[in-house]
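Chemist: Sequence and predicted structure are below.
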Amino acid sequence: MIVVMKKGASAEEVQHMVQQVEAMGLKAHVIEGTERTVIAAIGEKRENAKHSLESGPAVEDVLPILAPYKIASLEVKPERTEVCTGSLSVGGARLGIMAGPCSVENEEQILSTARAVKAAGATALRGGAFKPRTSPYSFQGLKEEGLKMLAAAREETGLAVVTEVMGTDDVELVSSYADVLQVGARNMQNYRLLEAVGSAGLPVLLKRGPSATMDELLLAAEYVLDRGNPDVMLCERGIRTFESHTRFTLPLASVIYLHQKTHLPVVIDPSHGTGHTYMVPDMAAAAVAAGADGLMLEVHPDPEKAMSDGYQSLDFEQFAVTMDKCRAIAGAIGKTIG
């Protein structure tokens, strides 16, 4: 249920209703909008709960939440969520551009990439220190040494750091270096990990699993939100279909659909979504035209020598050209880049 407070409801009146909700055995999530405050009452239905809450002071209405996901629903929060941390802002008029290599390989590689992507318009540096690879014999990342290199790049360039956390045991360590915790596609339904990152106090970038439905993605986000973390970004990175001409199939309709269902910002990853460098610039531009709130792009100083995902990575010049193309489209729809 949603408890809609009257305009001008005091903090004491809101807190009183929170206590009423919790006394019914429900979890209360207070969401402050531009015009009024609402309280999402989450949990099993209680007999006569609606009537009891309607009688509360400064309560305007009590409404059901129809979607299976509750806190993520546009029913609960009609205003768009904007996630901000350091140099990165996703969900407002400025597009969030997260760019960098699939894997952190060495200090020079990550520093040169950070300088180049910032100069071209990126607002965050992405890079993997812990790498979940299909084969156990593939490069698995530099782990904490890689995190230290990402932090050094942030120190020099001011770019916020986005990096993946793979397991609950790593959340504390990664959180001590990162600005945004990325939950990869393989872990989208790792519910203990979602709870852990939800409690970590940092924004979360949640990637859609390759076979996940939209409801499953939004319910995964609900695990993070339910821990009191409102700063969740949804990332469409392509789904697995029968088609083999691309690494995955990248459905840009996800942007429009999600904007109709949730207040959470939507990021598109055309690097994984296509798996081919030559496709990335046009798909990035198309994502901006579709209304995406941000982009996640793989960039490497020498993609042919990359230790992972070189075949879908842009070099510095290609990234700059891509940003120019996206910037022109963003301007046409009232948004900015860089």
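Modeler: Done, it's in.
Chemist: what about the strands in this structure?
Modeler: 2-5, 27-32, 37-42, 59-63, 83-85, 88-90, 96-100, 124-126, 160-164, 180-183, 204-207, 232-236, 266-268, 294-298 (DSSP state E).
Chemist: Given the second one, what are its sheet partners and their directions?
Modeler: When pairing is defined by DSSP bridges, strand 27-32 lines up against strand 37-42 (antiparallel).
Chemist: Report the angle between the partner strand and strand 59-63.
Modeler: Here the directions of strand 37-42 and strand 59-63 differ by 40 degrees (axes from the mean of the first three to the mean of the last three CA atoms, to 10 degrees).
Chemist: mind putting the strands of the chain in a markdown table, distance to residue 335 included?
Modeler: In this view, the C-beta of every residue, glycine as well, is placed from N, C-alpha and C. As requested, the strands of the chain are exported to a markdown table (distance: least, CB to CB, whole Å):
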| stretch | distance to residue 335 |
| --- | --- |
| strand 2-5 | 30 |
| strand 27-32 | 25 |
| strand 37-42 | 28 |
| strand 59-63 | 32 |
| strand 83-85 | 16 |
| strand 88-90 | 11 |
| strand 96-100 | 11 |
| strand 124-126 | 16 |
| strand 160-164 | 19 |
| strand 180-183 | 20 |
| strand 204-207 | 19 |
| strand 232-236 | 16 |
| strand 266-268 | 13 |
| strand 294-298 | 10 |
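Chemist: With mean pLDDT, distance to residue 328 and mean neighbour count as extra columns, can I get those strands in JSON lines?
Modeler: Output for these, formatted as JSON lines (pLDDT from 0 to 100; distance: least, CB to CB, whole Å; neighbours: other CB atoms under 10 Å):
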{"stretch": "strand 2-5", "mean pLDDT": "93", "distance to residue 328": "40", "mean neighbour count": "21"}
{"stretch": "strand 27-32", "mean pLDDT": "91", "distance to residue 328": "36", "mean neighbour count": "17"}
{"stretch": "strand 37-42", "mean pLDDT": "92", "distance to residue 328": "39", "mean neighbour count": "22"}
{"stretch": "strand 59-63", "mean pLDDT": "93", "distance to residue 328": "42", "mean neighbour count": "16"}
{"stretch": "strand 83-85", "mean pLDDT": "97", "distance to residue 328": "25", "mean neighbour count": "19"}
{"stretch": "strand 88-90", "mean pLDDT": "98", "distance to residue 328": "20", "mean neighbour count": "25"}
{"stretch": "strand 96-100", "mean pLDDT": "98", "distance to residue 328": "14", "mean neighbour count": "29"}
{"stretch": "strand 124-126", "mean pLDDT": "98", "distance to residue 328": "21", "mean neighbour count": "29"}
{"stretch": "strand 160-164", "mean pLDDT": "98", "distance to residue 328": "25", "mean neighbour count": "25"}
{"stretch": "strand 180-183", "mean pLDDT": "98", "distance to residue 328": "27", "mean neighbour count": "26"}
{"stretch": "strand 204-207", "mean pLDDT": "98", "distance to residue 328": "26", "mean neighbour count": "26"}
{"stretch": "strand 232-236", "mean pLDDT": "98", "distance to residue 328": "22", "mean neighbour count": "27"}
{"stretch": "strand 266-268", "mean pLDDT": "98", "distance to residue 328": "17", "mean neighbour count": "27"}
{"stretch": "strand 294-298", "mean pLDDT": "98", "distance to residue 328": "14", "mean neighbour count": "27"}
